[in-house]
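In: Please work out how this folds:
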Amino acid sequence: MSLSYNSVPEVATVTVNHKTPPEISDGALSPAVLQEWEDQCLAYFAKRKVVKEDEVREIVTSNCFKKDRIKHWIKTNRAKLLEPAYTFDTLLASLRKLFLVADWDQDILRTVVNAKMHPDESFEMYSTRVLRGNNLLTGTPSALNEEALRAMILLNVSDALAEAIRDLLTTELDHLKGLKEFEDWLKYIEKLDNGQRNTRRRAAEHTEMLINKRQRTGGRGRGGYGYGNRGGHSAPAQTFGGMKRAPPLMPEEREVLDRYAGCWKCRRFFVHHNSVDCMNGFPDGNGYQIRTEEMALAQMPSPPVAFVNVPPAQPAANTANATASASTSRIEDVTTPPHFSVNAVLPSTTSFVLGNGSPSTGDDSDDEAGDRD
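Out: Below is the predicted model of the structure:
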(Lines give C-alpha, C1' and ligand atoms only; values in the text may rest on other atoms or scores of the structure.)
Protein backbone atom coordinates (compact mmCIF):
# COMPACT_ATOMS: atom_id res chain seq x y z
CA MET A 1 0.00 0.00 0.00
CA SER A 2 1.39 3.38 -1.02
CA LEU A 3 0.94 6.45 1.18
CA SER A 4 0.45 9.95 -0.14
CA TYR A 5 1.86 12.57 2.19
CA ASN A 6 0.14 15.45 0.39
CA SER A 7 -3.39 14.04 0.38
CA VAL A 8 -6.12 15.83 2.33
CA PRO A 9 -7.40 13.62 5.19
CA GLU A 10 -11.01 12.54 4.97
CA VAL A 11 -13.47 13.67 7.61
CA ALA A 12 -14.16 11.05 10.25
CA THR A 13 -17.58 9.43 10.43
CA VAL A 14 -19.61 7.77 13.19
CA THR A 15 -20.75 4.15 12.90
CA VAL A 16 -23.53 2.91 15.17
CA ASN A 17 -23.64 -0.68 16.42
CA HIS A 18 -26.30 -1.31 19.04
CA LYS A 19 -24.29 -4.15 20.60
CA THR A 20 -21.17 -2.05 21.19
CA PRO A 21 -20.52 1.69 21.69
CA PRO A 22 -20.46 3.77 18.48
CA GLU A 23 -17.18 4.00 16.58
CA ILE A 24 -15.33 6.96 15.03
CA SER A 25 -13.52 6.12 11.81
CA ASP A 26 -10.04 7.22 10.89
CA GLY A 27 -10.05 10.78 9.53
CA ALA A 28 -10.12 14.40 10.57
CA LEU A 29 -12.03 14.83 13.80
CA SER A 30 -14.42 17.79 13.83
CA PRO A 31 -16.62 19.25 16.60
CA ALA A 32 -19.75 18.09 14.77
CA VAL A 33 -18.46 14.50 14.46
CA LEU A 34 -17.49 14.43 18.12
CA GLN A 35 -20.90 15.74 19.14
CA GLU A 36 -22.64 13.10 17.03
CA TRP A 37 -20.50 10.42 18.67
CA GLU A 38 -21.40 11.82 22.11
CA ASP A 39 -25.13 11.67 21.34
CA GLN A 40 -24.88 8.10 20.09
CA CYS A 41 -22.89 7.07 23.17
CA LEU A 42 -25.53 8.53 25.50
CA ALA A 43 -28.24 6.67 23.58
CA TYR A 44 -26.19 3.45 23.87
CA PHE A 45 -25.66 3.91 27.63
CA ALA A 46 -29.38 4.46 28.16
CA LYS A 47 -30.40 1.46 26.07
CA ARG A 48 -27.83 -0.88 27.62
CA LYS A 49 -28.44 0.60 31.11
CA VAL A 50 -24.75 1.32 31.67
CA VAL A 51 -24.10 3.03 35.02
CA LYS A 52 -22.04 6.21 35.02
CA GLU A 53 -19.03 4.57 36.71
CA ASP A 54 -18.74 2.11 33.81
CA GLU A 55 -19.33 4.45 30.85
CA VAL A 56 -15.65 5.19 30.16
CA ARG A 57 -14.75 1.51 30.68
CA GLU A 58 -17.24 0.59 27.94
CA ILE A 59 -15.50 3.05 25.60
CA VAL A 60 -11.93 2.05 26.43
CA THR A 61 -12.50 -1.69 26.20
CA SER A 62 -14.51 -1.54 22.96
CA ASN A 63 -11.90 -0.07 20.60
CA CYS A 64 -14.24 2.76 19.54
CA PHE A 65 -11.57 4.89 17.85
CA LYS A 66 -9.85 3.97 14.59
CA LYS A 67 -7.58 7.01 14.49
CA ASP A 68 -4.03 6.01 15.43
CA ARG A 69 -3.31 9.08 17.54
CA ILE A 70 -6.40 8.55 19.68
CA LYS A 71 -5.71 4.81 19.98
CA HIS A 72 -2.16 5.58 21.12
CA TRP A 73 -3.39 8.12 23.67
CA ILE A 74 -5.92 5.63 25.13
CA LYS A 75 -3.31 2.90 25.32
CA THR A 76 -0.85 5.20 27.09
CA ASN A 77 -3.40 6.53 29.59
CA ARG A 78 -5.45 3.36 30.04
CA ALA A 79 -4.97 3.10 33.80
CA LYS A 80 -6.01 6.70 34.36
CA LEU A 81 -9.02 6.36 32.10
CA LEU A 82 -10.30 3.32 34.00
CA GLU A 83 -10.31 5.09 37.36
CA PRO A 84 -13.86 5.52 38.79
CA ALA A 85 -13.38 9.29 39.09
CA TYR A 86 -12.70 9.63 35.35
CA THR A 87 -16.17 10.33 33.90
CA PHE A 88 -17.52 10.38 30.36
CA ASP A 89 -17.68 14.20 30.46
CA THR A 90 -14.00 14.29 31.40
CA LEU A 91 -13.21 12.02 28.46
CA LEU A 92 -15.08 14.33 26.08
CA ALA A 93 -13.24 17.37 27.39
CA SER A 94 -9.90 15.61 26.88
CA LEU A 95 -10.79 14.58 23.31
CA ARG A 96 -11.80 18.15 22.42
CA LYS A 97 -8.64 19.60 23.93
CA LEU A 98 -6.18 17.13 22.42
CA PHE A 99 -7.59 16.18 19.02
CA LEU A 100 -9.53 19.17 17.70
CA VAL A 101 -7.82 22.11 15.99
CA ALA A 102 -6.60 24.91 18.22
CA ASP A 103 -9.17 27.59 19.12
CA TRP A 104 -11.95 25.64 17.44
CA ASP A 105 -14.46 26.93 19.98
CA GLN A 106 -13.59 30.57 19.28
CA ASP A 107 -13.97 29.97 15.55
CA ILE A 108 -17.47 28.56 16.05
CA LEU A 109 -18.42 31.38 18.41
CA ARG A 110 -17.24 34.00 15.91
CA THR A 111 -18.47 32.50 12.61
CA VAL A 112 -21.68 30.71 13.67
CA VAL A 113 -23.07 31.90 16.98
CA ASN A 114 -22.20 35.57 16.49
CA ALA A 115 -23.04 35.61 12.77
CA LYS A 116 -25.50 38.15 11.35
CA MET A 117 -28.92 37.04 10.13
CA HIS A 118 -29.12 37.30 6.33
CA PRO A 119 -31.87 39.57 4.91
CA ASP A 120 -33.40 36.68 2.92
CA GLU A 121 -33.08 34.20 5.80
CA SER A 122 -36.04 33.32 7.99
CA PHE A 123 -35.73 33.66 11.75
CA GLU A 124 -36.38 29.94 12.13
CA MET A 125 -33.38 29.08 9.93
CA TYR A 126 -31.21 31.72 11.60
CA SER A 127 -32.01 30.67 15.18
CA THR A 128 -31.50 26.99 14.29
CA ARG A 129 -28.08 27.83 12.86
CA VAL A 130 -27.11 29.71 16.03
CA LEU A 131 -28.35 26.98 18.38
CA ARG A 132 -26.61 24.28 16.37
CA GLY A 133 -23.33 26.15 16.66
CA ASN A 134 -23.82 26.76 20.37
CA ASN A 135 -24.54 23.06 20.91
CA LEU A 136 -21.08 22.30 19.52
CA LEU A 137 -19.68 24.40 22.35
CA THR A 138 -21.37 22.34 25.06
CA GLY A 139 -18.91 21.49 27.80
CA THR A 140 -16.63 24.45 26.99
CA PRO A 141 -16.37 27.91 28.60
CA SER A 142 -17.45 29.43 25.27
CA ALA A 143 -20.96 27.94 25.41
CA LEU A 144 -23.67 30.58 25.90
CA ASN A 145 -26.50 30.21 28.37
CA GLU A 146 -30.08 31.10 27.39
CA GLU A 147 -29.85 34.68 28.65
CA ALA A 148 -26.69 35.31 26.64
CA LEU A 149 -28.27 33.63 23.60
CA ARG A 150 -31.27 35.97 23.75
CA ALA A 151 -29.03 39.02 23.79
CA MET A 152 -26.84 37.62 21.00
CA ILE A 153 -29.81 36.79 18.77
CA LEU A 154 -31.49 40.19 19.21
CA LEU A 155 -28.20 41.88 18.39
CA ASN A 156 -27.75 40.02 15.12
CA VAL A 157 -31.26 39.72 13.62
CA SER A 158 -31.90 41.34 10.25
CA ASP A 159 -32.60 45.07 10.05
CA ALA A 160 -36.22 44.47 9.01
CA LEU A 161 -36.90 42.15 11.96
CA ALA A 162 -35.11 44.46 14.39
CA GLU A 163 -37.34 47.33 13.22
CA ALA A 164 -40.44 45.15 13.65
CA ILE A 165 -39.40 44.36 17.23
CA ARG A 166 -38.77 48.05 17.99
CA ASP A 167 -42.23 48.93 16.61
CA LEU A 168 -44.00 46.59 19.04
CA LEU A 169 -46.49 48.14 21.40
CA THR A 170 -45.31 48.54 24.98
CA THR A 171 -47.57 45.73 26.16
CA GLU A 172 -46.33 43.39 23.42
CA LEU A 173 -42.70 44.22 24.15
CA ASP A 174 -43.23 43.61 27.86
CA HIS A 175 -44.85 40.27 27.01
CA LEU A 176 -41.84 39.29 24.89
CA LYS A 177 -39.39 40.21 27.65
CA GLY A 178 -41.47 38.34 30.22
CA LEU A 179 -41.43 34.98 28.41
CA LYS A 180 -39.50 32.62 30.68
CA GLU A 181 -39.25 29.60 28.40
CA PHE A 182 -36.59 30.04 25.74
CA GLU A 183 -38.61 28.11 23.15
CA ASP A 184 -41.64 30.34 23.74
CA TRP A 185 -39.42 33.38 23.25
CA LEU A 186 -38.11 31.97 19.97
CA LYS A 187 -41.62 31.14 18.76
CA TYR A 188 -42.86 34.69 19.45
CA ILE A 189 -40.08 36.28 17.37
CA GLU A 190 -40.53 33.62 14.68
CA LYS A 191 -44.24 34.53 14.41
CA LEU A 192 -43.35 38.22 14.18
CA ASP A 193 -40.77 37.50 11.48
CA ASN A 194 -43.22 35.39 9.46
CA GLY A 195 -45.77 38.21 9.58
CA GLN A 196 -43.49 40.90 8.26
CA ARG A 197 -41.98 38.53 5.66
CA ASN A 198 -45.48 37.69 4.40
CA THR A 199 -46.29 41.39 4.16
CA ARG A 200 -43.20 42.04 2.04
CA ARG A 201 -43.98 39.01 -0.12
CA ARG A 202 -47.55 40.16 -0.79
CA ALA A 203 -46.35 43.65 -1.66
CA ALA A 204 -43.79 42.24 -4.11
CA GLU A 205 -46.40 39.96 -5.68
CA HIS A 206 -48.84 42.87 -6.06
CA THR A 207 -46.17 45.01 -7.73
CA GLU A 208 -45.25 42.18 -10.07
CA MET A 209 -48.93 41.67 -10.91
CA LEU A 210 -49.35 45.34 -11.82
CA ILE A 211 -46.26 45.28 -14.02
CA ASN A 212 -47.41 42.12 -15.80
CA LYS A 213 -50.90 43.57 -16.27
CA ARG A 214 -49.48 46.73 -17.81
CA GLN A 215 -47.36 44.68 -20.18
CA ARG A 216 -50.35 42.53 -21.22
CA THR A 217 -52.78 45.41 -21.73
CA GLY A 218 -50.33 47.88 -23.21
CA GLY A 219 -50.76 50.20 -20.23
CA ARG A 220 -54.57 50.51 -20.49
CA GLY A 221 -56.48 50.62 -17.25
CA ARG A 222 -59.69 48.71 -16.56
CA GLY A 223 -62.59 50.04 -18.62
CA GLY A 224 -60.29 52.44 -20.48
CA TYR A 225 -59.84 54.70 -17.45
CA GLY A 226 -56.58 55.79 -15.93
CA TYR A 227 -55.89 56.14 -12.23
CA GLY A 228 -54.46 59.31 -11.00
CA ASN A 229 -56.52 62.37 -10.38
CA ARG A 230 -55.64 64.22 -7.30
CA GLY A 231 -59.28 65.07 -6.80
CA GLY A 232 -60.04 61.42 -5.90
CA HIS A 233 -61.92 60.46 -9.09
CA SER A 234 -60.92 58.82 -12.33
CA ALA A 235 -61.16 60.59 -15.67
CA PRO A 236 -61.30 59.08 -19.13
CA ALA A 237 -58.11 59.28 -21.14
CA GLN A 238 -58.80 61.56 -24.07
CA THR A 239 -57.95 60.50 -27.61
CA PHE A 240 -57.64 62.75 -30.64
CA GLY A 241 -57.08 61.40 -34.13
CA GLY A 242 -53.87 59.42 -34.03
CA MET A 243 -53.29 59.94 -30.32
CA LYS A 244 -53.11 56.88 -28.12
CA ARG A 245 -54.39 56.63 -24.57
CA ALA A 246 -51.52 57.07 -22.09
CA PRO A 247 -50.93 54.31 -19.53
CA PRO A 248 -52.23 54.85 -15.99
CA LEU A 249 -49.95 56.64 -13.57
CA MET A 250 -47.82 54.51 -11.29
CA PRO A 251 -47.38 55.50 -7.63
CA GLU A 252 -43.75 56.44 -8.32
CA GLU A 253 -44.84 58.83 -11.08
CA ARG A 254 -47.37 60.54 -8.83
CA GLU A 255 -44.71 61.02 -6.18
CA VAL A 256 -42.20 62.63 -8.54
CA LEU A 257 -44.91 64.83 -10.12
CA ASP A 258 -45.90 66.08 -6.67
CA ARG A 259 -42.28 66.74 -5.78
CA TYR A 260 -41.66 68.88 -8.86
CA ALA A 261 -44.90 70.91 -9.06
CA GLY A 262 -46.41 68.60 -11.67
CA CYS A 263 -49.92 67.70 -12.73
CA TRP A 264 -51.39 64.21 -12.64
CA LYS A 265 -53.48 64.92 -15.73
CA CYS A 266 -51.14 66.47 -18.29
CA ARG A 267 -48.16 64.93 -16.47
CA ARG A 268 -45.96 67.97 -16.99
CA PHE A 269 -43.47 69.20 -14.44
CA PHE A 270 -43.31 72.74 -13.01
CA VAL A 271 -46.82 73.76 -14.12
CA HIS A 272 -48.03 74.63 -10.59
CA HIS A 273 -51.61 73.44 -11.09
CA ASN A 274 -53.48 70.22 -10.31
CA SER A 275 -55.61 67.88 -12.39
CA VAL A 276 -58.84 69.74 -11.56
CA ASP A 277 -57.50 73.02 -12.93
CA CYS A 278 -55.54 71.49 -15.81
CA MET A 279 -56.37 72.87 -19.26
CA ASN A 280 -53.66 70.95 -21.13
CA GLY A 281 -55.44 67.63 -21.59
CA PHE A 282 -54.02 64.15 -21.25
CA PRO A 283 -50.63 63.24 -22.77
CA ASP A 284 -50.27 61.20 -25.95
CA GLY A 285 -49.61 57.52 -25.29
CA ASN A 286 -47.50 57.21 -28.44
CA GLY A 287 -43.91 57.06 -27.26
CA TYR A 288 -44.99 57.77 -23.69
CA GLN A 289 -42.11 57.92 -21.20
CA ILE A 290 -42.55 57.10 -17.54
CA ARG A 291 -42.12 60.25 -15.46
CA THR A 292 -38.93 60.03 -13.40
CA GLU A 293 -36.90 62.33 -11.24
CA GLU A 294 -34.17 62.46 -13.89
CA MET A 295 -36.73 63.74 -16.41
CA ALA A 296 -37.91 66.39 -13.94
CA LEU A 297 -34.38 67.61 -13.25
CA ALA A 298 -33.66 67.79 -16.98
CA GLN A 299 -36.77 69.97 -17.52
CA MET A 300 -36.21 72.22 -14.52
CA PRO A 301 -36.41 75.84 -15.77
CA SER A 302 -33.42 78.06 -15.14
CA PRO A 303 -34.07 81.43 -13.45
CA PRO A 304 -33.61 84.61 -15.57
CA VAL A 305 -30.18 86.23 -15.28
CA ALA A 306 -30.01 90.05 -15.42
CA PHE A 307 -26.92 92.02 -16.39
CA VAL A 308 -26.75 95.71 -15.52
CA ASN A 309 -24.46 97.94 -17.57
CA VAL A 310 -23.28 100.78 -15.35
CA PRO A 311 -21.29 103.61 -17.01
CA PRO A 312 -18.02 104.67 -15.41
CA ALA A 313 -18.50 106.95 -12.45
CA GLN A 314 -17.88 110.65 -13.08
CA PRO A 315 -15.01 112.10 -11.07
CA ALA A 316 -16.30 114.03 -8.10
CA ALA A 317 -15.62 117.72 -7.86
CA ASN A 318 -14.25 117.28 -4.41
CA THR A 319 -14.29 114.84 -1.57
CA ALA A 320 -17.14 116.59 0.18
CA ASN A 321 -19.38 116.45 -2.86
CA ALA A 322 -18.57 112.77 -3.40
CA THR A 323 -19.40 111.97 0.19
CA ALA A 324 -22.68 113.85 -0.02
CA SER A 325 -23.61 112.12 -3.27
CA ALA A 326 -22.94 108.69 -1.76
CA SER A 327 -24.90 109.45 1.37
CA THR A 328 -27.99 110.52 -0.56
CA SER A 329 -28.11 107.48 -2.84
CA ARG A 330 -30.74 104.78 -2.16
CA ILE A 331 -30.23 101.11 -2.96
CA GLU A 332 -33.92 100.46 -2.73
CA ASP A 333 -34.84 103.07 -5.38
CA VAL A 334 -36.75 101.34 -8.13
CA THR A 335 -36.44 104.16 -10.68
CA THR A 336 -33.57 103.52 -13.09
CA PRO A 337 -31.53 106.68 -13.82
CA PRO A 338 -31.69 107.79 -17.46
CA HIS A 339 -28.01 107.10 -18.02
CA PHE A 340 -28.34 103.46 -16.74
CA SER A 341 -29.33 100.65 -19.14
CA VAL A 342 -30.61 97.24 -17.94
CA ASN A 343 -30.35 94.28 -20.28
CA ALA A 344 -32.12 91.04 -19.17
CA VAL A 345 -30.74 87.89 -20.75
CA LEU A 346 -33.09 84.91 -20.46
CA PRO A 347 -32.18 81.25 -21.10
CA SER A 348 -32.97 80.22 -24.65
CA THR A 349 -34.32 76.84 -23.47
CA THR A 350 -37.16 78.38 -21.43
CA SER A 351 -40.32 79.68 -23.09
CA PHE A 352 -42.94 81.70 -21.28
CA VAL A 353 -46.67 81.66 -22.00
CA LEU A 354 -48.50 84.87 -21.38
CA GLY A 355 -51.46 84.60 -19.09
CA ASN A 356 -50.53 81.86 -16.57
CA GLY A 357 -46.87 82.51 -15.82
CA SER A 358 -46.02 78.80 -16.22
CA PRO A 359 -43.12 77.49 -18.30
CA SER A 360 -43.79 74.99 -21.07
CA THR A 361 -42.11 71.59 -20.86
CA GLY A 362 -41.40 70.83 -24.45
CA ASP A 363 -43.62 68.75 -26.68
CA ASP A 364 -47.05 70.25 -25.91
CA SER A 365 -47.01 73.29 -28.20
CA ASP A 366 -50.39 72.37 -29.65
CA ASP A 367 -52.04 72.38 -26.25
CA GLU A 368 -50.47 75.70 -25.37
CA ALA A 369 -51.60 77.16 -28.65
CA GLY A 370 -55.11 76.02 -27.89
CA ASP A 371 -54.89 77.67 -24.51
CA ARG A 372 -53.81 80.96 -26.05
CA ASP A 373 -56.68 80.83 -28.55
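
In: Residue 26 contacts residue 12, doesn't it?
Out: Yes - counting by Cβ atoms under 8 Å, residue 26 touches residue 12, with 6.8 Å between them. (Each C-beta comes from the backbone N, C-alpha and C, glycine too.)

In: Which one of these two is surrounded by more residues?
Out: Set residue 26 next to residue 12 and count neighbours by other Cβ atoms under 10 Å: residue 12 wins out with 22 against 16.

In: How far does the lengthiest helix in the chain sit from its chain's centre?
Out: Ranked by number of residues, the top helix in the chain under DSSP state H is helix 182-217. Centroid displacement of helix 182-217 relative to its chain, using Cα atoms, centre = their mean, to the nearest Å, is 14 Å.

In: helices or strands up against it?
Out: Packing partners of helix 182-217 (3 or more Cβ pairs under 8 Å, 6 or more residues apart in numbering; DSSP states H and E): helix 123-136, helix 146-156, helix 159-166, helix 170-178.

In: hang on, the earlier thing: now list whatever residues contact both of residue 26 and residue 12.
Out: Common contacts of residue 26 and residue 12 (Cβ atoms under 8 Å, 6 or more residues apart in numbering): residue 67.

In: what ranges of the stretch 1-150 of the chain fall below the confidence cut-off?
Out: Across the stretch 1-150 of the chain, the ranges flagged by pLDDT under 70 are 1-9.

In: mind listing the helices for it?
Out: Taking DSSP state H, counting those that start in this stretch, the helices of the stretch 1-150 of the chain run over residues 31-48, 55-60, 68-76, 78-81, 88-99, 104-108, 123-136, 146-156.

In: between the ones you listed, which gets nearest to residue 262?
Out: Residue 262 sits nearest to helix 123-136 of all the helices of the stretch 1-150 of the chain, at 42.1 Å, using Cβ to Cβ.

In: could you give the angle of the closest one to helix 31-48?
Out: Orientation check (axes from the mean of the first three to the mean of the last three Cα atoms, to 10 degrees): helix 123-136 against helix 31-48 gives 80 degrees.

In: list the buried ones in helix 123-136?
Out: By 16 or more other Cβ atoms under 10 Å, the buried positions in helix 123-136 come out as 123, 126-127, 129-131, 133-134, 136.

In: closest to residue 256 out of the helices and strands packed on helix 182-217?
Out: Closest to residue 256 of the helices and strands packed on helix 182-217 is helix 159-166 (Cβ to Cβ; 25.6 Å).

In: could you give the mean pLDDT of the longest helix of the chain?
Out: Helix 182-217 carries an average pLDDT of 86.

In: how about that helix: buried residues?
Out: Per 16+ other Cβ under 10 Å, helix 182-217 contains these buried residues: 185-186, 189-190, 192-193, 196-197.

In: Give me the distance from stretch 80-95 to the chain's centre.
Out: 49 Å.

In: ok, and what's touching it?
Out: Contacts of stretch 80-95 from elsewhere in the structure, counted by Cβ under 8 Å, 6+ apart, are 29, 34, 38, 41, 45, 52-53, 55-57, 59-60, 70, 74, 139.

In: what's the closest non-adjacent residue to residue 17?
Out: Counting by Cβ to Cβ, 6 or more residues apart in numbering, residue 23 is the residue found nearest to residue 17 once chain neighbours are left out, at 7.1 Å.

In: Tell me, how many residues neighbour the one you found?
Out: 18.

In: Unless I'm misreading it, it sits right up against residue 13, doesn't it?
Out: No - in this structure, residue 23 is not within contact of residue 13 by Cβ under 8 Å, at 9.0 Å.

In: May I have the predicted confidence score for the closest residue to residue 262 other than its chain neighbours?
Out: Excluding its sequence neighbours, the residue lying closest to residue 262 (Cβ to Cβ, 6+ apart) is residue 269, at 4.6 Å. With respect to pLDDT, residue 269 scores 90.

In: sec struct for residue 269, please.
Out: Here residue 269 takes the coil state, with states given by DSSP: H, G, I helix; E, B strand; the rest coil.
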